[in-house]
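Colleague: coords please:
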Amino acid sequence: MIGDKIFIPSPFNIFHQLLPLNWKFLQECYVAVENNEPLGLISLAPDGHTKTRWKINRLVLGMNAYDVGKQLIDYVVNKYGGAGVEVFLAVIDENYTEAISLFKNACSFRSSSKINIWEYDGSYLSNNDTMPDYLRKVDKTDAQKLYDLDSEAILPQFRTSLIKTPADFNFGTKNKILNRVKGYKTYKYVLDNPSNNRLEGLVSIFTADNTNFWADITLSLAYKEYYENLVNFAFNIVKSQNKDARLYIGIKDYQQTGKFMAEVLASHNFKLCGNFQMLVKDYWRPAGLFIERKVPTIIFPDMTSPACNIIRFIIES
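Modeller: Below you'll find the predicted structure:
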């Protein structure tokens, strides 16, 4: 078993592998070995509480191991697809062109959308650190409304593959304990609309080192004009914790407000610092015919490894 950063061998991992698919919650890892020499490694995990969608979050291959990579990917897709997984997801840095080619050309994944990471490149946005009246801290009873907000924010053509569950938005005591165990400091606020009994926005801020902070903002299309104020609010929360902190914000192209949000950030001294392709394979959809292309080296690291150190946003979103 592979955790976020290290191998974690324990008897519990063996027990976890015996659990039914809908009970699994940890990453599971597979290694290709020949003559006692490891040729490649792959790991995958449930994508949140959506047990029928799993994310391949680590693939490491040696030199001239294209065929090994294909075999590893095909193996986990067939194994977990046969057990009930309907959608497989991989989020890959666009700089890893060989890995993208492997997933798309050899393993029949398709390009779905992109996630873009923006970094603030300035000294301050505003010196007003008060919380706007329309914001409040998230409550454990908000799960269903947050699910409704997130579902509506996704463009219709992506909902089947990327929609979450209400349980993914249950930010109660259990969630707080898990974040504490992971070493995350988190702040979550909602944009409330009590007159319509709706939530129109969610602001999530978190950090693992009190230096690099990540903000994820979801807004309903009707309330997108609040985005600038919410970015300013997130910035001031971060600076109140560490005046030298760096702020990163993720923009999801599959959300209806994605283009608008990117325009706002570009006009406020944010710079684009990372682009990630979201690749999807629907297990029940017939695969097309593809021509395999040989490449010398493929390294698709775990999103939390030092080789890809700006990705915590994607893991939590």
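Colleague: can you give me the helices for the stretch 51-200 of the chain?
Modeller: With helices called from DSSP state H, counting those that start in this stretch, the stretch 51-200 of the chain shows them at 66-83, 97-101, 143-153, 156-162, 173-182.
Colleague: those: which one's closest to Pro194?
Modeller: Pro194 lies closest to helix 143-153 among the helices of the stretch 51-200 of the chain, at 11.0 Å (C-beta to C-beta). Every residue, glycine included, has its C-beta placed from N, CA and C.
Colleague: what is the closest one packed up against?
Modeller: In terms of contacts (3 or more C-beta pairs under 8 Å, 6 or more residues apart in numbering; DSSP states H and E), helix 143-153 is packed against strand 198-207, strand 212-219.
Colleague: residues contacting Asn275?
Modeller: Residues in contact with Asn275 (C-beta atoms under 8 Å, 6 or more residues apart in numbering) are 93-94, 114-117.
Colleague: so which of those residues are in strands?
Modeller: Mapping the contacts of Asn275 onto strands (DSSP state E) picks out 93, 114-117.
Colleague: give me every residue that touches Lys271.
Modeller: Lys271 neighbours (C-beta under 8 Å, 6+ apart): 118-119, 121.
Colleague: Thr207: which of those residues is nearest?
Modeller: Ranked by distance to Thr207 (C-beta to C-beta), the contacts of Lys271 are led by Glu119 at 14.0 Å.
Colleague: can you count the residues close to that closest one?
Modeller: When neighbours are defined as other C-beta atoms under 10 Å, Glu119 has 17 of them.
Colleague: for it, give me its contacts.
Modeller: So Glu119 contacts 246-248, 270-271, 273 (C-beta under 8 Å, 6+ apart).
Colleague: and Ala215, what are its bridge partners?
Modeller: Judged by DSSP bridges, the bridge partners of Ala215 are Ile205, Ile249.
Colleague: can you tell me how far it is from Ala266?
Modeller: 16 Å (C-beta to C-beta, to the nearest Å).
Colleague: in space, what's closest to Leu202 - neighbours in sequence excluded?
Modeller: Nearest residue to Leu202, sequence neighbours excluded (C-beta to C-beta, 6 or more residues apart in numbering): Thr218, at 4.6 Å.
Colleague: hmm, I typed the wrong one, I wanted Phe276.
Modeller: Leaving aside its sequence neighbours, Phe276 sits nearest to Ile115 (C-beta to C-beta, 6+ apart; 4.6 Å).
Colleague: where does the stretch 1-150 of the chain have low pLDDT?
Modeller: 1-13, 123-131 (pLDDT under 70).
Colleague: try 50
Modeller: 1-8 (pLDDT under 50).
Colleague: can you give me the strands in it?
Modeller: Applying DSSP state E, counting those that start in this stretch to the stretch 1-150 of the chain gives strands spanning 28-34, 37-47, 50-61, 87-93, 110-120, 135-137.
Colleague: kindly report the same for the stretch 151-300 of the chain.
Modeller: 185-193, 198-207, 212-219, 246-252, 270-282, 299-300.
Colleague: now render those strands as CSV, adding distance to Ile73 and mean pLDDT.
Modeller: Formatted as CSV, these follow (distance: least, C-beta to C-beta, whole Å; pLDDT from 0 to 100):
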stretch, distance to Ile73, mean pLDDT
strand 185-193, 33, 94
strand 198-207, 30, 96
strand 212-219, 28, 96
strand 246-252, 24, 96
strand 270-282, 9, 95
strand 299-300, 10, 49
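Colleague: so which of those comes closest to Ser43?
Modeller: Between Ser43 and the strands of the stretch 151-300 of the chain, the shortest gap by C-beta to C-beta is with strand 299-300, which sits at 10.5 Å.
Colleague: hang on, the earlier thing: what about the residue nearest to Leu202, neighbour count?
Modeller: By the measure other C-beta under 10 Å, the count of residues near Thr218 is 24.
Colleague: quick one: it from Phe206, how far?
Modeller: Thr218 sits 14 Å away from Phe206, going by C-beta to C-beta.
Colleague: right, I'll call it a day here.
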